[in-house]
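Participant: Using only what follows, build the 3D model:
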Amino acid sequence: QVQLVESGGGLVQAGGSLRLSCAASGSIFSINAMGWYRQAPGKQRELVAAITSGGSTNYADSVKGRFTISRDNAKNTVYLQMNSLKPEDTAVYYCNADILTGWAQAMGVPTDDYWGQGTQVTVSS
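Facilitator: Just a heads-up that it's a prediction; the model follows:
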């Protein structure tokens, strides 16, 4: 069983900052890419930022220069530092990870996709 637990969401004024964290736990053999997605009311879920196990990053154009994704492989944790927040950043933010469990590694089966429960980020104007 693998769990992703997010924290750090909340209410902030425009121009402010928040830091999201997501810790993966359970029977984990290895973690490939980790990322953050968001879903605003009435909109589709979209990729915000992603990071490989080697540290390569990818960002949505709308957050480039404002958000920074990082990870601590020893803690199986990914972070999203969000600066210069705008009202349009308001959404539920979800953590995602491509994980090889101990069972999968032993059985020679591929990795699987895991999601956190989501954390609300609200930016007031």
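Participant: Mind jotting down where the strands sit in this structure?
Facilitator: With DSSP state E applied, the chain shows strands at 2-7, 10-13, 18-26, 28-39, 46-51, 57-59, 67-72, 77-82, 91-101, 112-115, 119-124, listed in chain order.
Participant: Now do the residue lying closest to Gln120 once chain neighbours are set aside: how many residues are near it, please.
Facilitator: Closest residue to Gln120 apart from its sequence neighbours, by C-beta to C-beta, 6 or more residues apart in numbering: Gly9 at 5.0 Å. Quick note: C-beta positions are derived from backbone N, CA and C, even for glycine. Other residues lying near Gly9 total 19 when counted by other C-beta atoms under 10 Å.
Participant: dump the residue contacts of Gly9.
Facilitator: Gly9 makes contacts with 18, 20, 93, 119-121, as judged by C-beta atoms under 8 Å, 6 or more residues apart in numbering.
Participant: With mean pLDDT and mean neighbour count added, can I get the strands of the chain in JSON lines?
Facilitator: Formatted as JSON lines, the strands of the chain follow (pLDDT from 0 to 100; neighbours: other C-beta atoms under 10 Å):
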{"stretch": "strand 2-7", "mean pLDDT": "96", "mean neighbour count": "16"}
{"stretch": "strand 10-13", "mean pLDDT": "98", "mean neighbour count": "13"}
{"stretch": "strand 18-26", "mean pLDDT": "97", "mean neighbour count": "18"}
{"stretch": "strand 28-39", "mean pLDDT": "96", "mean neighbour count": "19"}
{"stretch": "strand 46-51", "mean pLDDT": "98", "mean neighbour count": "19"}
{"stretch": "strand 57-59", "mean pLDDT": "98", "mean neighbour count": "15"}
{"stretch": "strand 67-72", "mean pLDDT": "98", "mean neighbour count": "18"}
{"stretch": "strand 77-82", "mean pLDDT": "98", "mean neighbour count": "22"}
{"stretch": "strand 91-101", "mean pLDDT": "96", "mean neighbour count": "21"}
{"stretch": "strand 112-115", "mean pLDDT": "94", "mean neighbour count": "14"}
{"stretch": "strand 119-124", "mean pLDDT": "98", "mean neighbour count": "17"}
